[in-house]
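Asks: Test case, fold it:
(2 chains, ligands or ions: 3)
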Amino acid sequence: MSDTESRDSREVEQSDTEDGYEPRDIFGTTTEMDLRSGADNCTKVGTCDAECPVAEVDDDFPGPQFQGPEQWRLSSKGDVEIDDSVTKCSNCLRCDSGCPSGVPFSEMHNTARAKYVLEDQPLSIKKIRNRILANYRTSAWLASKLPRTANFFMNNGIVRWLMEKTMKIPSEREFPEFATQTFREWWAERGGEATSKERAQEARAQRGDAPVHSDEKRVAYFHGCYSNYNTTQVAKSMVRAYESLGYEITVPKQKCSGTPMFANGRVDDARRHAKVNVEHLGDAIEDGYDVICTCSSCSLALRQEYPDLFDLDGIDELAAHTYDALEYLRIHEDLEAELEGATVDAPDVAYHAPCHSRNQGLGRQAVELFADVDGVAVTDVGDSCSGISGTYGWKAEKYETSMAIGEEMFEHMEAVDAETGMTECPTCAMQMEHGTGYEIMHPIEVLETALT
Amino acid sequence: MTATSPDVLVIGGGSTGVGIARDAAMRGFDVTLVEKGNLTHGTTGRMHGLLHSGGRYAVSDQASARECIEENMILRDIAAHCVEDTGGLFVKRPEDSAEYYQRKLEGLVECSIPATELTAQEARAREPFLARDIDKAIEVPDAAIDPFRLCVANAKSAQDHGARIETFSEVTDLLVEDGEIVGAEITHESGAGKRVHGTEGTVEEIHVDHVVNAAGAWTGEIAAMADIDVEVRPSKGVMTIMNVRQVDTVINRCQPKGDADIVVPHETTAILGTTDEEVGDPADYPEEQWEVDLMIEELAKLVPILEDARTIRSFWGVRPLYEPPETGTDDPTDITREFFLLDHDERDAFPGMTTIVGGKLTTYRLMAEQLVDHLAGKFGLDSTSRTAEEPLPGSEDESVLDEAMDDFGLRSPVAKRSAERLGSRTADVLDTDEPNPVVCGCEAVTRAEVADAIEQSGTDLNAVRIRTRAGMGNCQGGFCSHRLANELHPEFDEGQARAALDELYQERWKGQRHALWGKQLSQAMITYAMHALTMNRDRDPATSEDAPDFGAFDAGPASTPGAAEDGESADGATGVVTDGSGGDRRGD
Ligand SMILES: Cc1cc2nc3c(=O)[nH]c(=O)nc-3n(C[C@H](O)[C@H](O)[C@H](O)COP(=O)(O)OP(=O)(O)OC[C@H]3O[C@@H](n4cnc5c(N)ncnc54)[C@H](O)[C@@H]3O)c2cc1C
Ligand code: SF4
Ligand code: SF4
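Replies: Ligands and ions are numbered 1, 2, ... in the order given. This next block holds a predicted model:
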């Protein structure tokens, strides 16, 4: 049919032109974003609903097809009513990666949630709790000032009981341990950028594979909140692994990536933080650095959610220059050769690929990377969702759902011949530990042992 | 037939016919309305959905413009649940005539149509997808109107006032006695009363005091049955439906006249239109792809995003244009949009029938009022119409929509859409103790609303569709037509449900043929795969006369003897795990 062909070719041409579909830069604020056009992509086959871990365990959750394309299509501008079921979505984004037609779920969920929180949700304890969880960085900063006290109080029975009653944070949850020294404190004490440059140069001289003065091997680390305040060992491992390969590291000024804020509909807060991140990471990019993250939700935020939701100068540049820490090395180094013949002294691990890694196409990287390394066996526990999805599992009313979703992963972990877990996402790690009692590692920690 | 209630037969179930039926019934006539298809089968079901402010006629036809603005204000009141106050814009592009823009502005003032000038920036703040390079715009009180709901509500009100409404009942002849029209011969496709598939047709002669010919583009054909000459000049126009609303305001191009100059937001969709081309036969004319292409190309100049947007279907309608003999206008766009009331006694010395033709949907109420005034004069009945004050069923109590209403256990967008459609009938329809799942996800239609529609219209699923919008969304019935058919059971039997399903499915396919590229092509392929393959509807043994040839199946794997012999698995289920160990599988 020639009519059909002619239209198709026109469609292709058009998308390159100035006047094409550009809903993003039209609206001043996120909640005004008109996402109805995104519903054009849906053909209603429901792959999204089959992918959704929450819909699987909760019959009252209408599923992503309704949350996304249907709800947006039914809305009229200025009169968007967001159904309260949006608060049940964990923002795992499996629907986003699963949809064969490219429905912009991430934008749709985040915008819907923001709208719901700002306009529809009645002010309640839950709302205040969500705000505290969303602003994890602030609480974590407070706690880190007094880490031992915080660790004690946070996990003290009476305090926890009070928290459940007053804040609706489930008492089953172990609060994450706060490190006695934050990563940034460690980094400063170690001599910051100057030391890193020295070590990288030493490594390069030793390896003889790159000029001692290199403009190429430079990365800016976005540590996010969690590896700064809690799992500092992940950040430190990254530093040592990268330096051993000759990379100079800088740690720019930064704020929370926004992931917990997106998930709680605090897009306005996320925007403020994003502004700082875009500015400082942008400066580093201009100086020739690429940005790396060790947390998969942070890299997803910088790469996908930022440009989807905000219109800030340099935001697309940042998205284009952001990588996951392992991914970056796998692109720029011949890691297979580096690891050839390496034997590591690490326990065998049951590996869970976080939903947000999968969303970036990185779900298999850890398994592939360590496939030929002696001393560590990495077994993928399959594509189930851990169920915690950041702050989701931290809400009393979601705890059951969160654990029901995680059930399959726990079972698979236990079925694997290993007593340790591995994942890239700090909150998945929390859930894995909570459900199995295993210690959980980050792949970069194993990589460090293999390289150094 | 009592002396106080003269009988009238109204031919045609479009906006004009149902409007007349209501007004006449309210004034004490004994009314029967016959329509050959379902309500809105003709042009009314194939129009653009604009409740004219009159702005479009403010320069060329000020009489029409004045009528429009008056009726516009009335319908907002009496048909609140059919009207969405979208507002409208006349947008001027740089290449459009500045002089015409000025004349438009003056014309609006002359016709008392409220008008406000907007800068390009203001217009784009209101409608962000307007082209960046527009000059300016004029804001007018255009609105969107749902013709289906409007007609159904009029018909319902007529019935409440004692009228008999017969759909799928075609006038096959006019009855003439002594040079006077005394009634008509009606062929009921499935007997009198609600349409039920599989019911045998009947022929009925209806004798009345007066016949009203409101058959739109077909008024000529009706008149010809009594050898009366009414020369209708049908003119076709295309409309293309977009999957989502790119604009929430009616967007007109501010130009003298032209094809493809208006976008009307309609429910969940936006409708692009239109063309104006004379055709010979109102029921048989070519539907061409270039017309659809033209809509998108031209209107993308106002709303560029349309170029990449998904189209779900296109349809054509024919305007029932009429001009008195010897006017001789060449270009159909120049034929007047006014309506004409032809009393055949006065005009042709042939008493017993009046024809009403021309006009617009926006002025349907006024047309009805004038026609019934004419009849009332003839029969000495109440000469004041009450249709301008008395709200239609569903619009009696506007507060339902504004109040924080009970959501009847539905998700909020579903509750909101349902209430918008049902108006003051919302609680009656949705308040049910039964489970009330969503049957059509695209348009948020629940089982209760479908059941209510079935109660009104029998097995006719297209009539259910126009009442509820079920099947009008992006899948075009692919995922809901069978669910709708399922709702017919157990009241109707399996064969009737199948026939109804086939008919709805065909109707939905018809319009999609003009949208087969990009995503709607994928959608059509998925629908086909699902219906033809998964549901085996292209070769369903249940629909064929002959019993399936079970002998043609093989016996299944030989290793599981007995499975095929116990009679239960004769359909080839051998090899399927039936002991429950498959029950753990997820996602299927
Ligand atoms: C493309 C297009 C766009 C339009 N857009 C608008 C708009 O935006 N706003 C507006 O106000 N107006 C619009 N109009 C005009 C408006 O749609 C019509 O004026 C109006 O719908 C006419 O209604 P009607 O009842 O007179 O005719 P119809 O709706 O055609 O009704 C006549 C009925 O008679 C029936 N009939 C025919 N023969 C027989 C028979 N033998 N026995 C029994 N029944 C029979 C037909 O099936 C039909 O249902 C538009 C028209 C077109 C063509
Ligand atoms: S997977 Fe994508 S296309 Fe399929 S139903 Fe879900 S949103 Fe629609
Ligand atoms: S983000 Fe995850 S939880 Fe939310 S709808 Fe999508 S798949 Fe379901």
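Asks: Residue ranges in the stretch 251-400 of chain A under the pLDDT threshold?
Replies: Across the stretch 251-400 of chain A, the ranges flagged by pLDDT under 70 are A:390, A:393.
Asks: tell me the helices in it, going along the chain?
Replies: A:259-263, A:267-286, A:296-300, A:306-309, A:315-320, A:325-332, A:335-339, A:355-359, A:365-369, A:396-415 (DSSP state H, counting those that start in this stretch).
Asks: how about the residue lying closest to B:P324 once chain neighbours are set aside, what does it touch?
Replies: Leaving aside its sequence neighbours, B:P324 sits nearest to B:F340 (C-beta to C-beta, 6 or more residues apart in numbering or on different chains; 7.2 Å). (C-beta placed from N, C-alpha, C; glycine too.) By C-beta atoms under 8 Å, 6 or more residues apart in numbering or on different chains, the residues touching B:F340 are B:322, B:324, B:355-358.
Asks: what about the residue of chain A found nearest ligand 1, neighbour count?
Replies: Proximity of chain A to ligand 1 (C-beta to the nearest ligand atom) peaks at A:S76, 19.4 Å away. A:S76 is flanked by 19 other residues according to other C-beta atoms under 10 Å in any protein chain shown.
Asks: and what of A:D290?
Replies: By other C-beta under 10 Å, the residues close to A:D290 number 20.
Asks: One more: A:I331?
Replies: For A:I331, the tally of surrounding residues (other C-beta under 10 Å) stands at 10.
Asks: And what about the residue nearest to B:P324, helix, strand or coil?
Replies: When classified by DSSP: H, G, I helix; E, B strand; the rest coil, B:F340 comes out as strand.
Asks: On the pLDDT front, check it for me.
Replies: B:F340 carries a pLDDT value of 93.
Asks: again, but for B:M1
Replies: 40.
Asks: A:G78 now?
Replies: So, for A:G78, pLDDT stands at 65.
Asks: Kindly report the same for A:P69.
Replies: 93.
Asks: Three-state assignment for it, please.
Replies: helix.
Asks: what sits against it?
Replies: A:38-39, A:41-42, A:103, A:108.
Asks: can the residues you listed go into CSV with extra columns for distance to A:K217, neighbour count and secondary structure?
Replies: Shown next, in CSV, are the contacts of A:P69 (distance: C-beta to C-beta, whole Å; neighbours: other C-beta atoms under 10 Å in any protein chain shown; DSSP: H, G, I helix; E, B strand; the rest coil):
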residue, distance to A:K217, neighbour count, secondary structure
A:G38, 40, 23, helix
A:A39, 45, 25, helix
A:N41, 40, 20, helix
A:C42, 44, 26, coil
A:V103, 39, 26, coil
A:M108, 39, 25, helix
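Asks: could the residues you listed go into JSON lines alongside distance to B:G88?
Replies: What follows is the contacts of A:P69, written out as JSON lines (distance: C-beta to C-beta, whole Å):
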{"residue": "A:G38", "distance to B:G88": "26"}
{"residue": "A:A39", "distance to B:G88": "24"}
{"residue": "A:N41", "distance to B:G88": "29"}
{"residue": "A:C42", "distance to B:G88": "29"}
{"residue": "A:V103", "distance to B:G88": "31"}
{"residue": "A:M108", "distance to B:G88": "29"}
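Asks: Once you drop chain neighbours, what's closest to A:F370?
Replies: Spatial nearest neighbour of A:F370, chain neighbours left out: A:V378 (4.7 Å); criterion: C-beta to C-beta, 6+ apart.
Asks: Hmm, A:T423 and the one you found touching each other?
Replies: No - applying C-beta atoms under 8 Å as the test, A:V378 and A:T423 come out as separate, 11.0 Å apart.
Asks: Show me the common contact partners of these two, please.
Replies: Common contacts of A:V378 and A:T423, defined by C-beta under 8 Å, 6+ apart, comprise A:Y351.
Asks: Give me the more crowded residue out of the two.
Replies: A:T423 (27 against 21).
Asks: Just to be sure, B:H482 is in a strand?
Replies: No - going by three-state DSSP, the assignment for B:H482 is helix, not a strand.
Asks: ok, it to B:Y505 distance?
Replies: Distance, B:H482 to B:Y505, by C-beta to C-beta, to the nearest Å: 9 Å.
Asks: For those two, indicate the residue with more neighbours.
Replies: Higher neighbour count among B:H482 and B:Y505: B:Y505, with 21 against 18, using other C-beta under 10 Å.
Asks: what's the domain layout of chain A?
Replies: Recorded structural domains for chain A (assignment: automatic domain parsing) are A:19-120, A:125-167, A:183-332, A:342-451.
Asks: rewinding a little: using CSV, lay out the contacts of B:F340 together with pLDDT.
Replies: Output for those, formatted as CSV (pLDDT from 0 to 100):
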residue, pLDDT
B:Y322, 88
B:P324, 84
B:T355, 97
B:I356, 97
B:V357, 94
B:G358, 90
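Asks: Among those, which lie within helices?
Replies: Judged by DSSP state H, the contacts of B:F340 include no members of helices.
Asks: okay, the residues you listed in CSV with neighbour count and distance to B:A419 next?
Replies: Output for the contacts of B:F340, formatted as CSV (neighbours: other C-beta atoms under 10 Å in any protein chain shown; distance: C-beta to C-beta, whole Å):
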residue, neighbour count, distance to B:A419
B:Y322, 25, 39
B:P324, 10, 46
B:T355, 25, 39
B:I356, 28, 34
B:V357, 26, 37
B:G358, 23, 36
